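Asker: model the structure of this input:
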Amino acid sequence: MSKEEEILSLIESSIKKGNDNIISFSINLINNLRKIISNDNLANIIAQRLSKKNFYFLRHAEAEHNVLERLYKGDFSKCNVYDPGITETGINQTKLTLEKYKKEIIKFDGVFVSPLTRTIQTYLLVKNYLNKDTPIFMTDFVKEVLSYCDKNKGKKLSVLKNELKEENINFDYMTKEYWWFDLGKDKEDELEERLNFGLRLKIFILWLVFRPEKNILIISHSHVHCNLQDKGIVNAGLAKMNNKILYEKLMLLIYTKMNEKSKKK
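Answerer: Residues are numbered from 1 along each chain as shown. Now for the predicted structure:
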């Protein structure tokens, strides 16, 4: 097994085990990576692999909460809706985007989807433009930031698998079952700190860097794009990601000294 294969195996096995505490998860992952390869050599390999990859980001179509946010001018107390679906306007937005970029979409050899309803519904529109054998992965590592808003809480993994049983989706990298619960079921709100959100997204990109796919589509959310690219993106917007920025984010991950005290911040 080559160093690169060993690194990918470590990342994937770690993700499958779960990420109940993303800081501890990140510390363990980086420490284990350092047993395989030095930081400098890892940085060089990341740079080489990034130079051969194209990452595209598609934000979900307009969803119900986006309409409410405009109506109530950002007053979230009036525009919170459980795991919202996309609107007719959103469907039309997405179709226009897909027609515009259909030559690029057919080239994707891997698609990674957030497990919220609005991103799933957006994917179901995209799939008609993909090659039939394109692998599709659903993972909570690219989910929207978990907050007090019901719009960012989704369904149980078992429910998703049942609803999407006709779809050829890989669910192996869905790890946080307690994020997903049925509508109407009481559960204490869990918040995700900005540091934790950024860490899981960096791990997500590190994973994709070592995967074999060259042309990758990520179907996700506005805060995810802002965190990874330092700028916003409109509903149903498709944009090629800047690999230089992704590289800088990954260097923060592999060179930053993290410890358990970070949990208290």
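Asker: the nearest residue to residue 49 once chain neighbours are set aside - how many residues pack around it?
Answerer: Once its chain neighbours are removed from consideration, residue 49 has its nearest residue in residue 209; the separation is 5.1 Å (C-beta to C-beta, 6 or more residues apart in numbering). C-beta here means a position set from N, CA and C on the backbone, and glycine is covered the same way. Burial of residue 209, expressed as a neighbour count using other C-beta atoms under 10 Å, amounts to 25.
Asker: which helix or which strand is home to residue 209?
Answerer: Here residue 209, judged by DSSP states H and E, is contained in helix 194-210.
Asker: repeat that for residue 57.
Answerer: strand 54-59.
Asker: what helices or strands is that strand leaning on?
Answerer: Judged by 3 or more C-beta pairs under 8 Å, 6 or more residues apart in numbering; DSSP states H and E, the packing partners of strand 54-59 are strand 215-220, helix 222-229, strand 238-240.
Asker: coming back round to it: in this structure the residue nearest to residue 49 contacts residue 53, no?
Answerer: Yes. Using C-beta atoms under 8 Å, residue 209 and residue 53 qualify as a contacting pair, with a distance of 7.0 Å.
Asker: rewinding a little: just the buried residues of the helix holding residue 209, please?
Answerer: For helix 194-210, a neighbour-count test (16 or more other C-beta atoms under 10 Å) marks 196-210 as buried.
Asker: quick check: mean pLDDT across stretch 99-110?
Answerer: Regarding stretch 99-110, the rounded mean pLDDT is 94.
Asker: please read the previous query as pertaining to stretch 194-204.
Answerer: Per-residue pLDDT values across stretch 194-204 average out to 93.
Asker: go on, stretch 35-45?
Answerer: Averaging pLDDT along stretch 35-45 yields 96.
Asker: show me which residues of it are buried.
Answerer: Of the residues in stretch 35-45, 37, 42-43, 45 count as buried by neighbour count, 16+ other C-beta under 10 Å.
Asker: pull up the gap between residue 165 and residue 158, please.
Answerer: 11 Å (C-beta to C-beta, to the nearest Å).
Asker: please apply the same query to residue 33.
Answerer: Going from residue 33 to residue 158 by C-beta to C-beta gives 32 Å.
Asker: of the two, who's got more company?
Answerer: Regarding residue 33 and residue 158, a neighbour count based on other C-beta under 10 Å identifies residue 33 as having more, with 20 against 11.
Asker: elements contacting whichever helix or strand that one is part of?
Answerer: If you go by DSSP H and E, residue 33 is part of helix 22-36. Counting contacts by 3+ C-beta pairs under 8 Å, 6+ apart, helix 22-36 is packed against helix 3-17, helix 194-210, helix 243-255.
Asker: relative to helix 243-255, how tilted is that helix?
Answerer: Angle of helix 22-36 versus helix 243-255, following axes from the mean of the first three to the mean of the last three C-alpha atoms, to 10 degrees, is 90 degrees.
Asker: in helix 22-36, what's buried?
Answerer: Buried positions in helix 22-36, judged by neighbour count with 16+ other C-beta under 10 Å: 22-23, 25-27, 29-30, 33.
Asker: show me which helix or strand of this structure is least confident by mean pLDDT.
Answerer: Of all helical and strand segments in the chain, the minimum by mean pLDDT, DSSP states H and E falls on helix 64-71, at a mean of 82.
Asker: flag the shaky bits of the protein, pLDDT-wise.
Answerer: Applying pLDDT under 70 to the chain picks out residues 74, 76-79, 148, 176-190, 258-265.
Asker: for the residue most central in space within it, list the residues it contacts.
Answerer: With distances taken as C-alpha atoms, centre = their mean, the chain has residue 142 as the residue nearest its mean C-alpha position (1.5 Å). Neighbouring residues of residue 142 by C-beta atoms under 8 Å, 6 or more residues apart in numbering: 112-114, 201, 204, 218, 220, 224.
Asker: with residue 150 instead?
Answerer: Contacts for residue 150 were tallied using C-beta under 8 Å, 6+ apart; they are 80-83.
Asker: columns neighbour count, distance to residue 151 and secondary structure on top of those, output as TSV?
Answerer: As requested, the contacts of residue 150 are arranged in TSV below (neighbours: other C-beta atoms under 10 Å; distance: C-beta to C-beta, whole Å; DSSP: H, G, I helix; E, B strand; the rest coil):
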residue	neighbour count	distance to residue 151	secondary structure
80	17	6	coil
81	14	6	coil
82	17	7	coil
83	21	7	coil
